[in-house]
Structure formats: structure tokens, C-alpha cells
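K.L.:
Provide a 3D model corresponding to the input given below.
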Amino acid sequence: MRVVMKFGGASVKDGRSIRHCAKLVKKYSNNEVVVVVSAMAGVTDSLTNIAKKCYTEQSTGFIKMFVAELAKKHYDAVRDAVDEPFRARVLEHIDRLIDELEKVLLGISYLGELTKRSEDYILSFGERLSAPIFSSALLSLGIDSLAMTGGEAGIITNSNFGRAKPLKKACELIKSRITPLIKIRGCIPVVTGYIGVNEEGNITTLGRGGSDLTATLIASAIDADEVWLWKEVDGVMTADPKIVPEAKLIPKISYQEAMELAHFGAKILHPRALEPLLEKKIPVRIKNTFNPDAPGTVIMDIKESKDGIVKALSLIEKVAVVNVSGAGFDFAEVMAEVFKRFAEENVNVIMISQSSSELNLSMVIDRSDLGRAMKTLTNVDNWNGNVKVSKLDDVAVVSAVGAGMVGTPGVAGKIFSTLGEEGINIIMISQSCSEYNISFTVSKKDGRRAVKILHDVFQLSDVPSKKEQIVN
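P.N.:
Numbers count the residues shown, from 1 in each chain. Sure, this is the predicted structure:
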């Protein structure tokens, strides 16, 4: 059996956790295994913050303090995860990376400029630090292993820094570099998630959560039998348990349902992660690092689903709405110009709704993109007609997902009438042609309440709904 296992930041949060994960890998080492790792928990966020701080503050004293703390975090991890004689070698590698990072941060501070390319380079250090530690932990357990960066593994991308897209030729490169290691040498490669390189050799990142995409890219390239995504949860739930404590595990879910959930905020995997697997129909298992015997969730090719109408609910809170409205001009022309400008500024559009009677184009975007989105549309008055651009930045998107909605009448009516009765106003609505999801925008203050209400109405938990309790 050939398996790609990916371990997220929470799974490799410290040395003891890395050692635990290495032991999990050893348990399955009679198979052909490739490991993909994220940065240790919190490291990517800290790298993002220090990168921005470097070009906004003139003092450089904080840089030395930051790199010292980062070095200690990884030294401590090595101490707990790696045995001698492998410890000295990995510590030497970490020292080289820390020195390299410090020089980059000082350079940005002196220049007072942070480009997308430089930011990707800085963010790559999280995974480049964690992968050698994980690989050395495997060596300590008697398992042959080799740490590799995404670029070394063959992940070649375009130059869209921050949200890079792998190129077609990456598949053959990955196959040629990984397959001999696992098939002939019997080695377990530990590959950095989240990062690749462009054709000029510059480091790129695949977007937050991109380690999942790294794992599925490798799985497709080497014709893996399965992908295992080790996380800190038992699997895909009917809703976020932090919002709905009675949410239950979904044992099996289709590719399409999982993609819809991921796109609309469910923290189960990268939104693009399943794309490389669709043609070869490679299943994905979501498993709990700290409860490995739990059955988890299998994401696979399911033609029909006889489960409930709505299978799961998701919520995105860090979003905003940009609205372009007016009359007296070519609707298609304005749409084309808006999306052209957004593409040039790398503004990620999550959801759209449109009306053609009086032009009204509403787009949900990441809140972090709102400033760039509004700026790029400031000269909209130069277009023919009366155009106005407005924004709403205190909103949330709720999505109801399930293959059971296909061909089932009245689902939207039930959702919106229920929320209307509860006094929750719907700002914007969108439904895909596949009928696998219904998404809508509400005020941010109503987002979590809407999820709880709909979870109860569609009876997604094992706990009887409030109405059923009243009847009984």
C-alpha cells in the first residue's frame, strides 16, 4: 500500500508531538509512505507578523529577540523528538536556517520594503525548520528518512506569490524524485508542506492550509492508494464543534461535498486540495493524531448519497461584501472589468450574486483583501453610466452542504423561512448549479446563531431538536 500522510501544525506543535507522530508513521512503515509536514503551531503566524513589523519599524533590536525565541522553540523540539547521534546534525541545520532568516529580516528592515516574493521566502522557514526535525525523529526510531523542501520534491508553481498554483509539469517531476526513494531505497521522505518554487527557483507558497495541497499533489503524482490527513479532530463534523457542541462525525463524504465545505470555511482541508485526486479517485482519510484509533472520515468518489438532505454547515466570519451597482451601461463589460482588476490584485472572490435589471453585482471576498479591492475600483466613475461602489465589512457567510439537496424542493425555503422567524436578515444569497450547497450572507453577529438554528432544524446531531424535546 502506498500512502501520503500529512501532519498539520497542531500535530507537530512541539517535540513530544513530533515524536508521537513519528511513532505513528513507524507503525505503518511496512507500507510505502511519504510524509508532508506543516510548520510547528503558531510559527507561520509569528513569521507573518515579524515580516510586517520589519518594514514598519526602524529599530532592529526586536529581530534578534525574535530569532532567538524561534531558535529556542526548535531546539526544544529537537531535544524531545530526536536522539543522538542525529541531534547534532539537525541542530546544525537549524542554526544555518536561523542565520539565513535573520539576514533576510534585517535586509527588509534596512530597505523598508516587503514584497510578496520576500514574504513567501520568510514564511517558508516554518516548514523548512520542522521537516528536518520530523525526519530526524524517524531516523531516531530506526526508519530511513530524508527531509526535502517542496522544490526539491518537484513542486514547481507559477509566480503568484502567496497563492501559487502548481504547474502541470510538477506531476512528472514529483514522480521522478519521490518514487525511487520509496520504491527502491525504502526511505520515507519528509516533505515541507505549503511551499514550492517557481521556474526561476524562487520560493513560493500555496496559500494558508496549502500543506494539504502538497500532500494530494504528491499522492496523485506517485499514484498513492490513499491520503491520510492527520489533524487534531476526529474527522469532518456536521458543524464546527466550537459553535455547535453537539455536532457529530460524518463517516463518509463525497469529493464534491468536501470541496464545497472547504471553500466555504470548514477547516477540514485546503479548498483546492482534492483537485489532484479527482481523476484517479484517490480517497482521503481525515484522522486524529491524538486519537488514531478513531474511524475518522473518508472523502471519496460517491455517486449518490442517501444521507440527510443537508449533511453539514459551515461558517466564514473574516469576510466582506463589495457591491457594484448602478444603471445605464453594459452589464457584462462592468463584470469583466471588475474581475480583471481583482485578478490583477490577487483579490480572492468567495461568492457572487448578481441582478441585471438595475446593475447590482455583489461579491464576498476575504476581509484581508478589502482594502485592495476598494482601491482598485476607485476609478469606477470613469466607466460609462452611473456606477457606485460600496462595502459591508461586518458580515459572515453560512453554507448548507449536502448531496441530498439535489432535486429536493423546498430546502432554500425551509432555510430562509426558519431564519426569518428567528429575526435573522439575509443580505445576499448564492446557490451553485450543482445544488450541493446554498450559501448566504448575514450580519456577523448573526452568523453563529444561524448555524446553530439550522443544525437543529435539519437534525444533524444525535441530540433531539428543541422542538422534538417540547413534543416529547
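K.L.:
helix/strand/coil for Leu114?
P.N.:
Judged by DSSP: H, G, I helix; E, B strand; the rest coil, the three-state class of Leu114 is coil.
K.L.:
ranges for the strands of the stretch 101-250 of the chain?
P.N.:
145-148, 156-157, 188-192, 195-198, 203-205, 226-231 (DSSP state E, counting those that start in this stretch).
K.L.:
any chance of those strands in TSV, plus distance to Val334?
P.N.:
(Each C-beta comes from the backbone N, C-alpha and C, glycine too.) TSV is the format used below for these (distance: least, CB to CB, whole Å):
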stretch	distance to Val334
strand 145-148	47
strand 156-157	32
strand 188-192	42
strand 195-198	33
strand 203-205	32
strand 226-231	41
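K.L.:
quick one: which of the ones you listed is nearest Lys26?
P.N.:
Set against Lys26 and scored by CB to CB, the strands of the stretch 101-250 of the chain come closest in strand 188-192, at 9.0 Å.
K.L.:
I'd like the distance from that closest one to the chain centre, please.
P.N.:
Centroid separation between strand 188-192 and its chain, computed with CA atoms, centre = their mean, to the nearest Å, is 19 Å.
K.L.:
got it, and stretch 139-159?
P.N.:
Taking CA atoms, centre = their mean, one finds stretch 139-159 lying 20 Å from the centre of the chain it belongs to.
K.L.:
picking up where we left off before, got the strands of the stretch 101-250 of the chain as TSV, with mean neighbour count columns?
P.N.:
Formatted as TSV, the strands of the stretch 101-250 of the chain follow (neighbours: other CB atoms under 10 Å):
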stretch	mean neighbour count
strand 145-148	22
strand 156-157	24
strand 188-192	28
strand 195-198	25
strand 203-205	27
strand 226-231	24
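K.L.:
quick one: those strands as CSV, columns for distance to Thr378 and mean pLDDT too.
P.N.:
Output for those, formatted as CSV (distance: least, CB to CB, whole Å; pLDDT from 0 to 100):
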stretch, distance to Thr378, mean pLDDT
strand 145-148, 45, 98
strand 156-157, 31, 98
strand 188-192, 39, 98
strand 195-198, 31, 97
strand 203-205, 29, 97
strand 226-231, 41, 95
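K.L.:
so which of those strands comes closest to Asn49?
P.N.:
Taking CB to CB as the criterion, strand 203-205 is the member of the strands of the stretch 101-250 of the chain that comes nearest to Asn49, at 15.8 Å.
K.L.:
what residues does that closest one touch?
P.N.:
Strand 203-205 is contacted by residues 120-121, 123-124, 151, 157-164, 194-198 when judged by CB atoms under 8 Å, 6 or more residues apart in numbering.
K.L.:
are we agreed that Val395 is in a strand?
P.N.:
Yes - per three-state DSSP, Val395 lies within a strand segment.
K.L.:
what bridges to it?
P.N.:
In this entry, Val395 is beta-bridged to Val319, Ser443, by DSSP bridges.
K.L.:
let me know the pLDDT of it.
P.N.:
Turning to Val395, the model gives it a pLDDT of 96.
K.L.:
for the chain, give the helix that spans the most residues.
P.N.:
The longest helix of the chain (DSSP state H) is helix 86-111.
K.L.:
please point out which parts of it sit buried.
P.N.:
Of all the residues in helix 86-111, those buried under the rule 16 or more other CB atoms under 10 Å are 86-87, 90-91, 93-94, 97-98, 101-102, 104-105, 108-109.
K.L.:
could you do stretch 212-230 as well?
P.N.:
Using 16+ other CB under 10 Å as the test for burial, stretch 212-230 gives 212-222, 224, 226-230.
K.L.:
stretch 424-435 too?
P.N.:
Those buried within stretch 424-435 under the rule 16+ other CB under 10 Å are Ile424, Ile426, Ile427, Met428, Ser430, Gln431, Glu435.
K.L.:
kindly export it (C-alpha atoms) in CSV.
P.N.:
The C-alpha trace of stretch 424-435 is given here as CSV (Å, rounded to 0.1, in the frame of the first residue of the first chain):
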residue,chain,number,x,y,z
ILE,A,424,-32.1,36.9,11.1
ASN,A,425,-31.9,39.1,8.0
ILE,A,426,-30.4,37.6,4.8
ILE,A,427,-28.1,40.1,3.0
MET,A,428,-27.1,38.0,0.0
ILE,A,429,-27.8,34.6,-1.5
SER,A,430,-25.9,32.2,-3.8
GLN,A,431,-26.6,28.7,-4.9
SER,A,432,-24.4,26.6,-7.2
CYS,A,433,-25.9,24.8,-10.3
SER,A,434,-24.8,21.5,-8.8
GLU,A,435,-27.3,22.1,-6.0
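K.L.:
centre of the chain to that stretch, how far?
P.N.:
Here the centre of stretch 424-435 is set off from its chain's centre by 23 Å, with CA atoms, centre = their mean.
K.L.:
can you confirm Met40 is in a strand?
P.N.:
No - under three-state DSSP, Met40 falls outside any strand and is assigned coil.
K.L.:
contacting residues around it?
P.N.:
Listed by CB under 8 Å, 6+ apart, the contact partners of Met40 are Gly9, Val12, Lys13, Asp14, Lys73, His74, Ala77, Gly126, Leu129, Ser130.
K.L.:
quick check, nearest of those residues to Lys168?
P.N.:
Distances from Lys168 to the contacts of Met40, taken by CB to CB, are shortest for Gly126, at 27.3 Å.
K.L.:
mind checking how far the nearest residue to His93 once chain neighbours are set aside is from Glu69?
P.N.:
Using CB to CB, 6 or more residues apart in numbering and skipping the chain neighbours, the partner closest in space to His93 is Pro132 (5.2 Å). With distances taken as CB to CB, to the nearest Å, Pro132 is found 19 Å from Glu69.
K.L.:
out of those two, which sits in the busier spot?
P.N.:
The neighbour comparison of Pro132 against Glu69 (other CB atoms under 10 Å) goes to Pro132, with 27 against 10.
K.L.:
so that one makes contact with Ala147?
P.N.:
Yes - using CB atoms under 8 Å, Pro132 makes contact with Ala147 at a distance of 4.3 Å.
K.L.:
sketch out the low-pLDDT regions of the stretch 201-350 of the chain for me.
P.N.:
Scanning the stretch 201-350 of the chain for pLDDT under 70 picks out 303-307, 328-329.
K.L.:
tell me where it has helices.
P.N.:
According to DSSP state H, counting those that start in this stretch, the stretch 201-350 of the chain carries its helices in the segments 210-221, 255-263, 331-344.
K.L.:
looking at these, which is buried most?
P.N.:
Among the helices of the stretch 201-350 of the chain, helix 210-221 has the highest mean neighbour count (mean count of other CB atoms under 10 Å), at a mean of 27.
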